[in-house]
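Q: Just to be clear, the model below is a prediction. Sequence and coordinates:
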Amino acid sequence: MSGKEPGQFTFSEIYAQAHTASQTLARSCERSRMLASLGPLSQFDQILFTGCGSSYNLGRCAVWAWSSLLNKRVCALPAAELAHFPENYLSGQGKPLLFAISRTGGTAETVLAVETLHERFNAATVALTTEADRELPQVCHLSIDFSECKEQSLVMTQAFTCMLYSLYLLADSFSGAAWASQLANIPSAIGESLMRNEPVVRALGEDLSLSRFIFLGSGPFRGLAMEAALKMTEMAYETAQTYYTLEFRHGPKAALGPESIVIIYPVEAERRYLKVLIDEIAQTGARSLVIADRPVDVDCEQLNFNSGLGDLFLPALFAHIGQQLAFWRACARGVDPDAPRYLVHTVKLDGS
């Protein structure tokens, strides 16, 4: 017997994020120099992010800052999709840059995507991983090591936050560093939120009258909503669904009831429509929780941060909320979030 308490690793990794993110910030200049070694980003006609599961969701979040700040074509794709159907997403007319994300560095589909783009599109490839001695760094042109957020738990938490934060810092660095001072405040803002919002998030997670969790997010928050739903599924084995925010009104709301909670990450462009959405949710007997940087004029529970960051960067600040919620839900259900059933650290295509 190891004597380890259930959830010990996941708890420490979630609640250490302010510290690990500060280490990520300290390594940002070093990582900018590493990426610059590939040459100017202007040589690449397209930038792609790929990964599986949480790593793919991370890419979905990063895309918005990279496309907006660098004014380039940027997309995120699941690694298997990119490996098997690359011609549907790449023009073949120029040289693409691929960021391949894998916490463990050995995800089979991600390695396959890199090899496919090398062979068929002459892509430049960058591995983002916490384990620099695995397969993915070996097949990429450049490897950026995130040893500061290496995890023992099966479920990705602090590594998601730190890798995403680093990608924001890189995008800002290569576009003039206009957001540098605001981005530097993210670690301390995470630390404050982990403590301040703990009572609300824990109470929701421990409320066993809730049995359906829906996460809504559009634009820069789409990947974040997907990630929050995945955390709830992985850690707590709960029914968790995710939709684009306003798309939820077109059919999915029919499944709501008193056992449901709808968690909304509102993008600035859709704030004007939140009242009607939340009123419709309330009519079903379901609850709503809004997670936003500044308060929204709606009648429901809210978590606000007042960081002054724009929508492009807020997913790195908000990610821990979904992680906390899933952790406390798992504990309330008697599930060990460190070791979810059927899951393994590294997924292989041969099933090993």
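A: Everything's here; your move.
Q: can you tell me the average pLDDT over stretch 114-122?
A: Computed over stretch 114-122, the mean pLDDT rounds to 96.
Q: Next: stretch 143-155.
A: Here the average pLDDT along stretch 143-155 is 96.
Q: How about residues contacting that stretch?
A: Residues from elsewhere that reach stretch 143-155, judged by C-beta atoms under 8 Å, 6 or more residues apart in numbering: 9-10, 13, 20, 23-24, 27, 31, 34-35, 54, 103, 126-132, 136-137, 157-159, 161-163, 166, 231, 234-235, 326, 337-340, 343-345. Placement of C-beta: from N, CA and C, glycine included.
Q: Would you indicate which residues of that stretch are buried?
A: Buried positions in stretch 143-155, judged by neighbour count with 16 or more other C-beta atoms under 10 Å: 143, 144, 145, 146, 148, 149, 150, 151, 153, 154, 155.
Q: picking up where we left off before, just the contacts of stretch 143-155: which are in strands?
A: Among the contacts of stretch 143-155, the members falling in strands (DSSP state E) are 126, 127, 128, 129.
Q: Which of the contacts of stretch 143-155 are buried, as a PyMOL select command?
A: Under the burial definition 16+ other C-beta under 10 Å, those of the contacts of stretch 143-155 that qualify are selected in PyMOL by:
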select buried, resi 9+10+13+20+24+27+31+34+35+54+103+126+127+128+129+130+131+132+136+137+157+158+159+161+162+163+166+231+234+235+326+337+338+340
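Q: show me where the protein has helices.
A: 8-15, 17-26, 28-36, 54-70, 79-84, 108-121, 135-139, 158-173, 180-183, 186-196, 198-206, 222-236, 274-283, 314-332 (DSSP state H).
Q: quick one: which of the ones you listed is nearest residue 251?
A: helix 274-283 (12.4 Å; C-beta to C-beta).
Q: in the closest one, what counts as buried?
A: 274, 277, 278, 280, 281, 282.
Q: so can I have JSON lines of these showing distance to residue 189?
A: Shown next, in JSON lines, are the buried residues of helix 274-283 (distance: C-beta to C-beta, whole Å):
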{"residue": "274", "distance to residue 189": "23"}
{"residue": "277", "distance to residue 189": "27"}
{"residue": "278", "distance to residue 189": "25"}
{"residue": "280", "distance to residue 189": "32"}
{"residue": "281", "distance to residue 189": "28"}
{"residue": "282", "distance to residue 189": "30"}
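Q: In JSON lines: the ones in strands among the contacts of stretch 143-155, plus distance to residue 85.
A: Below are the ones in strands among the contacts of stretch 143-155 laid out as JSON lines (distance: C-beta to C-beta, whole Å):
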{"residue": "126", "distance to residue 85": "21"}
{"residue": "127", "distance to residue 85": "22"}
{"residue": "128", "distance to residue 85": "22"}
{"residue": "129", "distance to residue 85": "24"}
